[in-house]
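A.B. asks: Structure of the sequence below:
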Amino acid sequence: MSIALAAILTAAPFADLAVIDHAVMGFSGGGATPVDRRLRLDRCALPLALRWRTQRHDTVIVECPGAGGWRLFVPVNTASAAGAAAPAVNRGDAVTIAVAGAGFNVSQPGEAMESGVVGSWIRVRSAARGQPMRAQVVRPGIVSLPLP
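C.D. replies: Just a heads-up that it's a prediction; the model follows:
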């Protein structure tokens, strides 16, 4: 770290949001949404910790690991990648709606009311109930309902 940068860091009462943006861009490979400039985060004495929030790689978690640290969730623009991916489930497709828990696994037929790629949340309708539900696309033809 240069002396000038160290002087700026010690003089600023808040974290430099441009540094956070740069770290997220380097971690994600680009396409990250800039951090809201209205934030007033305490300076972080330790190096920032960055990790993906989910396996979809659509949000980066930025943490200041020190005592009294903070945590940010920074969205990554995946529009170009999502646009290129073909839907795993199309509207009107017959799907299997699966619910799994500790010691059980239940599934039933249903219909997709929206199209979606793997990992996206879509509306589905069970043949038995007919009421729309939100389910996550697991793979082509399979959606999963979360347990409350």
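A.B. asks: what's around the closest residue to A32 other than its chain neighbours, how many residues?
C.D. replies: In space, and not counting its chain neighbours, A32 is closest to V24: 4.4 Å by Cβ to Cβ, 6 or more residues apart in numbering. For every residue, glycine as well, the C-beta is placed using N, CA and C. Counted with other Cβ atoms under 10 Å, the neighbours of V24 add up to 24.
A.B. asks: Look up phi and psi at V24.
C.D. replies: Main-chain dihedrals, V24, degrees, to the nearest 10: phi -70, psi -40.
A.B. asks: residues touching it, list them.
C.D. replies: By Cβ atoms under 8 Å, 6 or more residues apart in numbering, the contact list for V24 reads 32, 35, 50, 60, 62, 74, 76.
A.B. asks: Tabulate the residues you listed (CSV), appending neighbour count and secondary structure.
C.D. replies: Below are the contacts of V24 laid out as CSV (neighbours: other Cβ atoms under 10 Å; DSSP: H, G, I helix; E, B strand; the rest coil):
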residue, neighbour count, secondary structure
A32, 22, strand
V35, 18, coil
L50, 17, strand
V60, 22, strand
V62, 23, strand
V74, 22, strand
V76, 22, strand
